[in-house]
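Enquirer: kindly generate the corresponding structure for this input.
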Amino acid sequence: MTTTEHLSKQFDVDLEKLRSHMLQMGGLIESQILAAIEGFYTGDIKALEQVIENDRRVNGYEVNIDIECSHIIARRQPAASDLRMIMGVSKAVTDLERVGDEAKKIAVVSKQIHESGRLQVPRLVDVRRTGSIVVGMLRKALDAFARLDSVAAAEVIRDDAAIDEAFRGMMRQLITFMMEDPRTITTALEIVWVARALERMGDHSKNMAEQVIYIVKGTDVRHTNFEDVERKASR
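Expert: Okay, here's the model as predicted:
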């Protein structure tokens, strides 16, 4: 085996480790979202506190992966698609960490609601359905990263419209509750933060999908209408 072949294989190993660590981080964040939403409904304070505590692990993943990216660039001096991969992972990890922040936010708000004994509105607002859409988007974005599938990434971007519509639906519900019964105003306003957190998770999953298309196609599709994104992802 030549030195060049050896270095190339080691570089592939480094890149695979980088993606693997990112997917591990994604798995942790998915569990954070699910636990936070479940706690929103059940009022399991210990589970909610665990979500809040686990945010440190999420932050640790982000820091360590950023260090990995820096070391790979310094050692390997990558170019073209390899450089796009490292840059894409670095940006996607930032979005993943922010999804984790939003999960923590849901846990904090849910804890406040249940500790104060205000249970009426949370049982009526369909947070679980919206959360399922968000988790599905995140899973698909991570899967697109794992397989470097630009077409699947474009589907995640399309799905962001469903999150936006679900968010608008929750806002309409909450406004109706507040108008019909002023006693629900405090809780409804707190749930606005939960709804906004879910909507932001969708945005960050969309950003991750955009990075997949950038890695695979070398095309920046941010701030591009979906028809153009779909065309660029599939060509």
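
Enquirer: which other helices and strands does the longest helix seen in the chain contact?
Expert: Criterion DSSP state H: the longest helix present in the chain is helix 3-42. Helix 3-42 is packed against helix 45-76, helix 80-115, helix 120-124, helix 127-147, with contacts defined by 3 or more CB pairs under 8 Å, 6 or more residues apart in numbering; DSSP states H and E. Yep, even glycine has a C-beta here, placed from its N, CA and C like the rest.

Enquirer: what mean pLDDT does the third one have?
Expert: This means helix 120-124. Mean pLDDT, computed over helix 120-124, is 56.

Enquirer: again, but for stretch 192-207
Expert: Here the average pLDDT along stretch 192-207 is 95.

Enquirer: using PDB, write out the CA atom coordinates for that stretch.
Expert: Provided in PDB are the C-alpha atoms of stretch 192-207 (Å, rounded to 0.1, in the frame of the first residue of the first chain):
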ATOM      1  CA  VAL A 192     -46.900  29.700  22.600                       C
ATOM      2  CA  TRP A 193     -43.300  29.100  23.500                       C
ATOM      3  CA  VAL A 194     -43.800  25.300  23.100                       C
ATOM      4  CA  ALA A 195     -45.400  25.900  19.700                       C
ATOM      5  CA  ARG A 196     -42.600  28.200  18.600                       C
ATOM      6  CA  ALA A 197     -40.000  25.800  19.700                       C
ATOM      7  CA  LEU A 198     -41.500  23.000  17.500                       C
ATOM      8  CA  GLU A 199     -41.600  25.400  14.600                       C
ATOM      9  CA  ARG A 200     -38.000  26.400  15.100                       C
ATOM     10  CA  MET A 201     -37.000  22.700  15.200                       C
ATOM     11  CA  GLY A 202     -38.600  22.300  11.800                       C
ATOM     12  CA  ASP A 203     -36.500  25.200  10.500                       C
ATOM     13  CA  HIS A 204     -33.300  23.700  11.800                       C
ATOM     14  CA  SER A 205     -34.100  20.300  10.300                       C
ATOM     15  CA  LYS A 206     -34.700  22.100   7.000                       C
ATOM     16  CA  ASN A 207     -31.300  23.800   7.300                       C
END
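
Enquirer: in that stretch, what's buried?
Expert: 192-207 (16 or more other CB atoms under 10 Å).

Enquirer: just name the closest of those to Gln173, please.
Expert: Nearest to Gln173 among the buried residues of stretch 192-207, counting by CB to CB, is Ala195 at 9.2 Å.

Enquirer: that closest one against Val127, yeah?
Expert: Yes - with contact defined as CB atoms under 8 Å, Ala195 reaches Val127; the gap is 7.4 Å.

Enquirer: what do those two both touch?
Expert: Met170 (CB atoms under 8 Å, 6 or more residues apart in numbering).

Enquirer: alright, calling it a day.
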